[in-house]
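Undergrad: Structure for the following, please:
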Amino acid sequence: MKLNKYLASKIFFLAIIILFFTKESAALGVTPGRNIIDFEPGLQQTYELTIVNNEHKNFNVVLYLEGDLKEFITLKTSEIGFNADEESKTIQYIVNFSKEIKEPGTHEVKLIISETTDPETEEVYTINVKTEVIHQIHLRVPYPGKYLKNEFFIVEKENSADFLVTLFNLGKEDVNKVKSTFEILTPNGTYVTTLRSNEQAIKKRERRELLTRWENYSVGSY
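TA: Presented below is the predicted three-dimensional model:
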């Protein structure tokens with residue numbers, strides 16, 4: 001019986017902590033949550049984000065960067081104070097690219113906004129949870145030549161199935177013609193049909209969708 005009381009007290013304490021964390025997790029907000037920036041040699045651009053005081057309380061936050069390309073980003077401020085009557089504050093950061101970044105692809109830099117506590121006003125035995133929110137900065141460095149990234153989805157409907165291919169041109173060159181082709185076979189390799197989308201052009205940094213519809217197909221495995 002003693003063991004059951006002990007477990008019950010531990011579960012009760014854990015439930016309180018979970019509720020406490022859930023409450024604190026909504027105390028601080030940031031918008032937008034993500035910014036996608038395409039690399040251009042020598043680009044210097046200022047961007048804004050808004051920090052939200054969801055619980056209308058007095059607190060301070062510190063800001064810092066993490067990521068392999070964080071040297072290209074400069075924060076205009078590293079610490080901000082909020083009063084209870086302040087709903088939000090807007091801050092700025094500057095992206096300043098060099099003439100060349102050798103490693104292509106999408107590089108993530110995290111702008112971390114972390115709530116701080118004042119040890120002089122902190123009560124003894126108070127459990128502190130440091131609230132943090134992250135603004136993601138995605139720096140997209142183009143690949144040499146032509147480079148397409150794709151995502152593929154199948155959407156089944158009552159009498160048809162849509163084959164949707166989403167393409168992102170992450171290369172340095174435009175793609176003049178692209179189309180999707182699907183060859184449908186049965187599990188034993190018997191040919192059923194071929195589906196083709198219309199041709200499209202995709203310029204660098206653009207996104208396109210290729211849609212092909214298979215209508216009136218028979219239910220089965222393909």
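Undergrad: Could you use CA atoms for every contact and neighbour count after this?
TA: OK.
Undergrad: quick one: low-confidence parts of this protein?
TA: 1-26, 117-130 (pLDDT under 70).
Undergrad: who does the residue lying closest to Phe39 once chain neighbours are set aside bridge with?
TA: Leaving aside its chain neighbours, Phe39 sits nearest to Val141 (5.2 Å; criterion: C-alpha to C-alpha, 6 or more residues apart in numbering). Going by DSSP bridges, Val141 is paired in beta bridges with Gly105.
Undergrad: In contact with Val141: list those residues for me.
TA: Asp38, Phe39, Ile101, Glu103, Pro104, Gly105, Thr106, His107, Leu170 (C-alpha atoms under 8 Å, 6 or more residues apart in numbering).
Undergrad: Show me the residue sitting in the middle of this structure in space.
TA: Per C-alpha atoms, centre = their mean, the C-alpha nearest to the average position across the chain is that of Arg34, at 5.7 Å.
Undergrad: Next, work out how far apart the closest residue in space to that one that isn't next to it in sequence and Tyr217 are.
TA: Using C-alpha to C-alpha, 6+ apart and skipping the chain neighbours, the partner closest in space to Arg34 is Gln136 (4.5 Å). Separation of Gln136 from Tyr217 (C-alpha to C-alpha, to the nearest Å): 43 Å.
Undergrad: Of these two, which one has the most company?
TA: Gln136 (18 against 10; other C-alpha atoms under 10 Å).
Undergrad: now the more buried one: how far from His107?
TA: Note on Gln136: its distance to His107, by C-alpha to C-alpha, is 10 Å.
Undergrad: residues shared between the contacts of the two?
TA: Counting by C-alpha under 8 Å, 6+ apart, nothing touches both Gln136 and His107.
Undergrad: circling back to that earlier point, what's downstream of the helix or strand harbouring the residue nearest to Arg34, the next helix or strand?
TA: Here Gln136, judged by DSSP states H and E, is contained in strand 132-141. The element immediately downstream of strand 132-141 (helix or strand, assigned by DSSP H and E) is strand 148-156.
Undergrad: No further queries at this time; thank you.
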